[in-house]
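**Student:** My questions are about this predicted structure, shown below with the sequence.
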Amino acid sequence: MHPDQSPIAVEAAACLPRQRPSVYPAAVIARYASQLTGREKRPLGDVFGLSRFGINLTRLAPGAISALRHAHAVQDEFIYVLQGTPTLMTNAGETLLQPGMCAGFAAGSDDAHQLINRGDSDVVYLEVGDRTPGDRVSYPDDDLVAAWLDGQWCFAHKDGTPY
């Protein structure tokens, strides 16, 4: 295979995990370090050069969270549980998920969401999101907002002060 070509197929669990535990600012990572370090994402879409949507094989150790509770303005998200029983937190409250269950979060719905692993074993799920430019993310439980600018997330406090 030519080095510039994507593979035809791969074993998902063999794909390398992201090196950085989170793209959040250092102050936010420090506040949630124990919950974020228990999260491992393997960016499957990147392996195939996908540019319009991303797919992550994500593992949450016991006590870990998927992300801070958040809502996207222009990007859709979808999750499919493969293993474990994560708790889905949304504006409506808590929903216990099981393998085979899925959930979707429409862009602009303002339904902030996150997964929490309150169990004793790992949770594994697929997360899929589109990569529509110009996205903005709100975090209702935290003093944080984000905007996708020039190919990277830019974080600020809710008053607009940059991190």
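**Tutor:** Arrived safely, thanks for sending.

**Student:** Going by C-alpha atoms from here, please, whenever you check contacts or count neighbours.
**Tutor:** Will do.

**Student:** pull the longest helix from the protein.
**Tutor:** Secondary structure of the chain per DSSP state H: the longest helix is helix 26-31.

**Student:** Check which residues of the helix or strand of the chain with the lowest mean pLDDT are buried.
**Tutor:** Within the chain, no helix or strand scores below helix 33-36, which has a mean of 86 by mean pLDDT, DSSP states H and E. Neighbour-count burial for helix 33-36 flags 35, 36 (criterion: 16 or more other CA atoms under 10 Å).

**Student:** Residue 51 against residue 133, yeah?
**Tutor:** No: between residue 51 and residue 133 there is no contact under CA atoms under 8 Å: 11.1 Å.

**Student:** Tell me which of those two has more neighbours.
**Tutor:** Neighbours per residue, other CA atoms under 10 Å: of residue 51 and residue 133, the larger number sits with residue 133, 14 against 11.

**Student:** Not counting residues beside it along the chain, what's closest to that one?
**Tutor:** residue 148 (6.8 Å; CA to CA, 6 or more residues apart in numbering).

**Student:** how close does the one you found get to residue 22?
**Tutor:** Here the criterion is CA to CA, to the nearest Å. By it, residue 148 lies 15 Å from residue 22.

**Student:** and the residue nearest to residue 133, what does it touch?
**Tutor:** 133, 134, 135, 136, 154 (CA atoms under 8 Å, 6 or more residues apart in numbering).

**Student:** Check residue 8 too.
**Tutor:** Listed by CA under 8 Å, 6+ apart, residue 8 has no contact partners.

**Student:** For this protein, which residues score under the pLDDT cut-off?
**Tutor:** The chain contains residues with pLDDT under 70 at 1-4.

**Student:** now do 80
**Tutor:** Applying pLDDT under 80 to the chain picks out residues 1-5, 21.

**Student:** Could you measure from residue 39 over to residue 18?
**Tutor:** For residue 39, the distance to residue 18 - CA to CA - is 10 Å.

**Student:** more neighbours, these two?
**Tutor:** Neighbour count, other CA under 10 Å: between residue 39 and residue 18, residue 39 has more, with 23 against 12.

**Student:** element containing the residue nearest to residue 133, please.
**Tutor:** strand 144-149 (DSSP states H and E).
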